[in-house]
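[1] Have a look at this prediction, sequence included:
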Amino acid sequence: MWYKIFMLIALPILAAAWIAYALWMRKVREEEKQQPKQASERLQKTRSEVADYAKKLAEYKPPKRKPPPPPPPGQT
């Protein structure tokens, strides 16, 4: 008897709590979508290092090569 009374009270309260939780999480997700994404320090550091490396590669000029020495006389 007490079990039935307990279940008749507890289950609707539990269902209402789950519905409230789902609505609250939906609201939180929508608010997070409106916020701009923040990049971590590590990501910003990596991006700047990659940009610096790309600039360095763009400025790179390969060294000029010497022409190979002529073969000694008598060799073909």
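    That came through, no problem.
[2] Count the residues that sit near Leu57.
    8 (other Cβ atoms under 10 Å). Bear in mind the C-beta positions are built from the backbone N, C-alpha and C, glycine included.
[3] so what secondary structure elements neighbour whichever strand or helix holds it?
    Secondary structure from DSSP states H and E places Leu57 in helix 41-59. For helix 41-59, not one helix or strand is in contact under the criterion 3 or more Cβ pairs under 8 Å, 6 or more residues apart in numbering; DSSP states H and E.
[4] Run through who's touching that helix.
    Residues external to helix 41-59 that are found in contact with it (Cβ atoms under 8 Å, 6 or more residues apart in numbering): Ala39.
[5] Any stretches of this protein with poor pLDDT?
    Residues of the chain that meet the criterion pLDDT under 70 lie in 75-76.
[6] cutoff 80 now
    For the chain, applying pLDDT under 80 flags the ranges 74-76.
[7] the helices in it, which residues?
    Using DSSP state H, the helices of the chain run over 2-34, 41-59.
[8] Turn these into CSV, columns for distance to Arg65.
    Formatted as CSV, the helices of the chain follow (distance: least, Cβ to Cβ, whole Å):
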stretch, distance to Arg65
helix 2-34, 56
helix 41-59, 20
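[9] With respect to Pro71, which of those helices lies nearest?
    Closest to Pro71 of the helices of the chain is helix 41-59 (Cβ to Cβ; 36.7 Å).
[10] Send me that closest one as CSV with only the CA atoms.
    Extracted in CSV, the C-alpha atoms of helix 41-59 (Å, rounded to 0.1, in the frame of the first residue of the first chain):
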residue,chain,number,x,y,z
GLU,A,41,46.3,29.7,-25.6
ARG,A,42,47.9,26.6,-27.0
LEU,A,43,45.8,26.8,-30.2
GLN,A,44,46.7,30.5,-30.7
LYS,A,45,50.4,29.8,-30.1
THR,A,46,50.3,27.0,-32.6
ARG,A,47,48.5,29.2,-35.2
SER,A,48,51.1,31.9,-34.8
GLU,A,49,54.0,29.5,-35.1
VAL,A,50,52.5,28.0,-38.3
ALA,A,51,52.0,31.6,-39.7
ASP,A,52,55.6,32.5,-38.9
TYR,A,53,56.9,29.3,-40.5
ALA,A,54,54.8,30.0,-43.6
LYS,A,55,56.3,33.5,-43.9
LYS,A,56,59.8,32.0,-43.4
LEU,A,57,59.1,29.5,-46.2
ALA,A,58,57.8,32.2,-48.5
GLU,A,59,61.0,34.3,-48.0
